[in-house]
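Enquirer: Structure of the sequence below:
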Amino acid sequence: MVNGSVLHQFGMNSTNLTSYALLGALVLLLGMIGIWHIAYNWESRLPENMVVETLDADIEIRWNAYNTAEIRAQSLSDGLFGLGYVQGQLNGWTIALWRQAALGKLTDWYGSEMVEADRLVRQLGFSDIAQRSLVELNEDHVALMKAFGQGIEHAWNESDQMHEFFLQDIQPDPWETWHSLAIELLIAWLSSPVNVICDLGHSICSGAHLLQSVLHISGLEHSSAWVMSSTRGPLFYQRHVLGRSVLPAYQEVTLDVANDLHLQGASLLGTPYFISGITNTHGWAILLNSPKSLKASHSDSTTMYRLNFPDREELVTYWRTDSTFSTPESELELYWNGFSTDRDSIAWFSLFHHEPTSFEIWRGDGIFVPKDTSLFSLGAPEFGATPRQIPRLIPQTSWSILGMPEWIHTNSRGGLLVSNDSLAMHAATFLDSIDIDLFDPLVWITNTHSISASMTLPPILDSLEFPEPLSEKVLIALSYLRNWNHRFEEQSIGATIYNEWMNVEETKSVTGLYKAVDDLSVRFGTDVSQWRWERVYADTTYFTYRKPTDSKILAPLISPMIGHESTMIWGGHPAVHSPVTWESWAWIAQDNSFFVRRRDLNLRQPLGRYISDRRGNAVFQLPTSHLKSSSFTPIEDD
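Expert: Numbering: from 1, shown residues only. Predicted coordinates for the structure are as follows:
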């Protein structure tokens, strides 16, 4: 204990100590309040005016609600500069992370735990292919890509946000024009199931899974698009399944280029490419899909390469051509269009004005709908008609099926659905059963009713012959099934029992029901009232922040699931692995009524994306309400 003589020796007394302690506590408290205020209440300062040397004319960016923007420019090049700037300001971290992954440099940020992912990407050659591809692009497209990249670079340089760069002590390298092509290759690689390539060897398979787990991009093969006739004109809808990342993959904007283009749509981050859009003349949906396949290898050639990582050097043997990839670990070789230097910029940019030319990396699956279209009454073929049958099935129509989607459905009221997932048959069945003029699209887009369950469950229950006596749990389960309304809603217990029963080996049998009940009892307890759909199945999404932290702000988001693979709203087993979707719809023949449904995050506020509302999706129409404006002007000639 400090006595009075010691305090006196240093000119202090107990009153002074108390005062200093209180002052220190006050300073600490004020510091914590300041940090809290900065992180939770302060919004980034978007520039009001900026001079940009490379612009041709003035640009105005109107920052709108829901992290959207309107870009007004005099040329397409300046408009794409604005798009890059918007993407860089609102989603700069995602772009930087995707680029780092596409260049095989995650180890520079996160160390040796990322070696397998980087090794795979370098073997696949994304950087090399992207740089060689840029050389082969025509000058006009290179200029557009360069302007877009300059927008990203300016956004990174001007951003004052306390975002992931600061929190992880990361400084992004300067942007180069070919980086957009590398990101496109990365997303194309992730757009089809990873397991396809696992027969190439353990290192390839583990690297692919690690890459996917870092970026949380998966399930794109479940995406779909459809168009149906209505009294307001063709209603055009698309749902893109994106994986498990909380952060956006697309950026919605309205792009106005004087006397040339009025576009409302969504661009893929890190690229100037619009996967969805409507203009004054047409609308489109491109389902991101770049298939890969394995075939018997016809070459024994291999080459040894030296790969340098921050903490090691490796010698790796593989063989890559402009169409194939192989390793000594397997007698198979991988075929993928991404190995070619042919790029899709011509197809992407042509969408601004007309139906695209054929895609190269992507299969280009989707729908193209001119605004002067009229949907004719069609005969309804069996679901799953091949693209080669379509000219016979739908003569004289003015809309187009793009690419070679694996699943196509038409109906007698002029409807069309395309997808690469056979589960889309459930959406097709639902669309065949409704009159879309009677309800707002949001009502039936989010519908939880399963026509499949309503048609299959009653006859199954009627046909069962049960032994006597039945266990109490099975009796209770049967009661829930018989009283279930066939909706996959949060509180539904019948939905849980039905889904488990339909997924056991002895499905539709008494033995299968007993097994489903026993399995649920082991996993969730014997109280059947606790087997709610929201408890048994949950949507778990992740942030792409990788540095260690004790903050619960960065913990995965767990939300109760609604919906099923047999309902209109996305849910069920595929959604467990890829719960995040981006949806849009528009009436093509009328005004540009472009609606979007997706998670809403506060991207302008430091850490705001981590404290945003963690439940449900927002619905909004472009353009959204105006918040702020930024003006960009070129340097005037002397």
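Enquirer: count of neighbours near residue 294?
Expert: 17 (other CB atoms under 10 Å). All C-beta atoms are positioned from the backbone trio N, CA, C, and that covers glycine.
Enquirer: do the same with residue 138
Expert: Residues near residue 138, counting by other CB under 10 Å: 9.
Enquirer: Next: the one 5 residues further on.
Expert: The local packing count at residue 143 equals 15, with neighbours defined by other CB under 10 Å.
Enquirer: Over to it. Which of the three states is it?
Expert: helix (DSSP: H, G, I helix; E, B strand; the rest coil).
Enquirer: Which of the three states applies to the residue nearest to it when sequence neighbours are not counted?
Expert: Computed as CB to CB, 6 or more residues apart in numbering, the closest residue to residue 143 that is not its neighbour in sequence is residue 77, at 5.9 Å. Assigned with three-state DSSP, residue 77 falls in the helix class.
Enquirer: what sits against residue 77?
Expert: Going by CB atoms under 8 Å, 6 or more residues apart in numbering, residue 77 touches 56, 143-144, 147.
Enquirer: Distance of it relative to residue 348?
Expert: Residue 77 is 15 Å from residue 348, where distance means CB to CB, to the nearest Å.
Enquirer: try residue 71
Expert: Distance from residue 71 to residue 348, by CB to CB: 17 Å.
Enquirer: can you check residue 205 too?
Expert: Applying CB to CB to residue 205 and residue 348 gives a distance of 31 Å.
Enquirer: which one of these two has more residues nearby?
Expert: Legend: neighbour count by other CB under 10 Å for residue 205 and residue 348, higher for residue 348 (25 against 19).
Enquirer: related to what we said a few turns ago, can you select the buried ones from the contacts of residue 77 in ChimeraX?
Expert: The following ChimeraX command selects only the buried members of these, with burial defined by 16 or more other CB atoms under 10 Å:
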select :144,147
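Enquirer: Now for the contacts of residue 77: which two are most distant?
Expert: The most widely separated members of the contacts of residue 77, counting by CB to CB, are 56 and 144 (12.3 Å).
Enquirer: just checking, residue 134 touches residue 182?
Expert: No: the criterion here is CB atoms under 8 Å, and residue 134 misses it with residue 182 at 9.8 Å.
Enquirer: between the two, who's got more neighbours?
Expert: Higher neighbour count among residue 134 and residue 182: residue 182, with 26 against 22, using other CB under 10 Å.
Enquirer: Dihedrals phi and psi, the more buried one?
Expert: phi -70, psi -40 (degrees, to the nearest 10).
Enquirer: The one 5 residues further on now?
Expert: Reported as degrees, to the nearest 10, the phi and psi values for residue 187 are phi -70, psi -40.
Enquirer: In terms of pLDDT, where does it sit?
Expert: What the model reports as pLDDT for residue 187 is 97.
Enquirer: Spell out the residue ranges of the helices in the stretch 151-300 of the chain.
Expert: 164-167, 179-190, 202-215 (DSSP state H, counting those that start in this stretch).
Enquirer: Nearest to residue 498, out of the ones you listed?
Expert: That would be helix 202-215 among the helices of the stretch 151-300 of the chain, by CB to CB, at 30.7 Å.
Enquirer: Just say which of the helices of the stretch 151-300 of the chain is most tucked in.
Expert: Stretch with highest mean neighbour count among the helices of the stretch 151-300 of the chain: helix 179-190 (a mean of 25; mean count of other CB atoms under 10 Å).
Enquirer: Name the surrounding residues that touch stretch 228-238.
Expert: 223-227, 276, 278, 283, 285, 287, 366-367, 369, 373, 375, 399, 413-416, 431, 436-437, 441, 445, 583-590.
Enquirer: Mark which of those residues are part of strands, please.
Expert: 224-227, 276, 278, 283, 285, 287, 366-367, 369, 416, 583-587 (DSSP state E).
Enquirer: For this structure, which helix or strand comes out least confident on mean pLDDT?
Expert: Lowest by mean pLDDT, DSSP states H and E among the helices and strands of the chain is helix 390-393, with a mean of 38.
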